[in-house]
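Trainee: coordinates only, sequence not included:
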């Protein structure tokens with residue numbers, strides 16, 4: 001069988017007897033996504049406190065906030081190789097330990113430099129989780145359910161973002177609205193960062209309750225164990241011997257995916273790798289993480305009260321969850337590509353309205369009433385359309401679009417590109433906002449618009465295909 005041959009084991013129509021158990025496996029693996037979202041967004045509650053405590057300007061502040069993304073890029077680039085060597089589950093357990101260390105260190109920094117160091121450690125864990133989560137879920141999920149189960153990663157990310165904003169809001173109120181107010185002997189922002197130790201430990205415990213990927217088990221010669229996992233997740237109606245043969249045949253040309261395998265074509269990488277990189281870059285260049293790293297600061301800059309700004313950050317996170325649920329419902333029904341196009345159009349509208357609203361001068365430190373409401377509604381529209389499209393479909397695409405022989409390495413490169421793009425947006429926003437907030441949102445609008453022809457021309461639908469069919 002070649003990569004593009006139709007499966008003869010019945011895998012494409014496989015339905016597990018205990019779908020709830022398969023859902024639990026995917027949800028446990030996606031706990032890394034929860035930590036990804038929580039760790040990425042919890043810093044939103046500490047931005048102004050860090051600026052005040054360490055007396056730094058916008059440029060230095062941006063580097064402290066964004067430096068975690070350097071760790072993310074390194075973690076994403078190396079996670080595929082680590083997972084191929086020691087297994088997907090061990091990779092999750094390493095990430096859980098790093099999340100725990102980062103949470104404790106970030107809550108108890110001695111100085112600005114070691115706060116940045118602990119954030120890099122947390123970033124490395126996020127990068128690992130960003131690769132291993134979708135890859136593992138894609139490898140254990142039956143093809144008929146893979147889109148919905150693959151979207152668990154993004155669902156977990158947005159829930160993590162929302163919970164972090166809710167925790168931040170609660171802790172801020174407990175500290176009488178002061179990010180530097182005392183709580184449990186620490187400043188409120190330190191407690192915000194330290195709370196992550198709880199989900200980090202839970203992630204580590206859950207990793208002991210789920211099976212290793214059947215593809216990894218086959219790659220290390222544990223075929224009988226792989227058959228048990230395949231029967232567990234794809235049902236007993238498939239031909240297990242044929243299924244193992246399909247995976248073995250697909251992996252025979254795979255050896256161990258390396259960076260060298262991605263090279264080819266006229267522009268350094270193979271075209272499919274560039275498409276993965278393009279999806280990752282567009283996902284970030286629309287400015288989505290500005291809404292989660294800097295939303296409280298953004299709303300305060302246009303005159304919103306600090307407590308209200310935290311509340312608006314939380315409502316944006318709820319909209320993010322609603323959009324993600326919509327995507328989970330439709331990703332296997334109408335496909336990945338149509339959702340991406342719908343989302344791009346909606347994001348262009350939301351971002352353009354934000355750019356218009358922010359073009360008005362402040363009156364008594366606030367936007368005019370009409371523009372203020374337009375900015376608030378448009379921000380929620382933007383997040384909604386991102387969540388129901390690019391937030392989910394990019395992770396689903398990256399988990400399934402690459403041929404078997406390059407999947408791990410290609411996913412690592414695409415995820416690294418995503419973190420580098422995320423860093424570029426995160427590090428540049430404070431300075432760009434000081435320069436011209438409206439022009440900054442025009443830039444994001446342009447990238448949202450450019451994503452439409454990119455998807456139409458280069459991206460192929462992957463709905464309903466077995467991973468062994470990708471070529």
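Mentor: Arrived safely, thanks for sending. This one's a predicted model, so the numbers in the text were calculated from it and none came from an experiment. Residues are numbered from 1 along each chain as shown.

Trainee: Every contact and neighbour count from this point should use C-alpha atoms.
Mentor: Noted.

Trainee: Could you report the neighbour count for residue 433?
Mentor: For residue 433, the neighbour count with other C-alpha atoms under 10 Å is 16.

Trainee: element containing the residue nearest to it when sequence neighbours are not counted?
Mentor: In this structure, residue 433 finds its nearest non-sequential neighbour in residue 440, 6.6 Å apart by C-alpha to C-alpha, 6 or more residues apart in numbering. Using DSSP states H and E, residue 440 sits within helix 407-458.

Trainee: again with residue 350
Mentor: Using DSSP H and E, residue 350 sits in helix 336-358.

Trainee: what angle do the helix or strand following that helix and helix 336-358 make?
Mentor: With elements assigned by DSSP H and E, the helix or strand that comes after helix 336-358 is helix 369-387. Going by axes from the mean of the first three to the mean of the last three C-alpha atoms, to 10 degrees, helix 369-387 is angled at 160 degrees with respect to helix 336-358.

Trainee: and helix 369-387, how far out from the chain's middle?
Mentor: 22 Å (C-alpha atoms, centre = their mean, to the nearest Å).

Trainee: Quick check: what element follows the helix or strand of the chain with the lowest mean pLDDT along the chain?
Mentor: Least confident helix or strand, the chain: strand 263-267 with a mean of 67, by mean pLDDT, DSSP states H and E. Next helix or strand after strand 263-267 toward the C-terminus (DSSP H and E): strand 269.

Trainee: What is the burial count for residue 317?
Mentor: Residue 317 - counted by other C-alpha under 10 Å - has 28 other residues nearby.

Trainee: For it, which three-state class applies?
Mentor: helix (DSSP: H, G, I helix; E, B strand; the rest coil).

Trainee: who's in contact with the closest residue in space to residue 87 that isn't next to it in sequence?
Mentor: Take residue 87 and drop its neighbours on the chain: the residue closest to it by C-alpha to C-alpha, 6+ apart is residue 216, 6.4 Å away. Going by C-alpha atoms under 8 Å, 6 or more residues apart in numbering, residue 216 touches 84, 87, 88.

Trainee: Need those in a markdown table (columns: neighbour count, secondary structure and distance to residue 401).
Mentor: Compiled in a markdown table, the contacts of residue 216 are given as follows (neighbours: other C-alpha atoms under 10 Å; DSSP: H, G, I helix; E, B strand; the rest coil; distance: C-alpha to C-alpha, whole Å):
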| residue | neighbour count | secondary structure | distance to residue 401 |
| --- | --- | --- | --- |
| 84 | 18 | helix | 18 |
| 87 | 21 | coil | 21 |
| 88 | 24 | helix | 19 |
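
Trainee: Tell me where the protein has strands.
Mentor: Residue ranges of the strands in the chain, as given by DSSP state E, are 182-183, 186-187, 263-267, 269.

Trainee: and residue 361, which of those strands is closest to it?
Mentor: If you check each of the strands of the chain against residue 361 by C-alpha to C-alpha, strand 186-187 wins as the nearest, at 34.7 Å.

Trainee: Fine, thanks again, bye for now.
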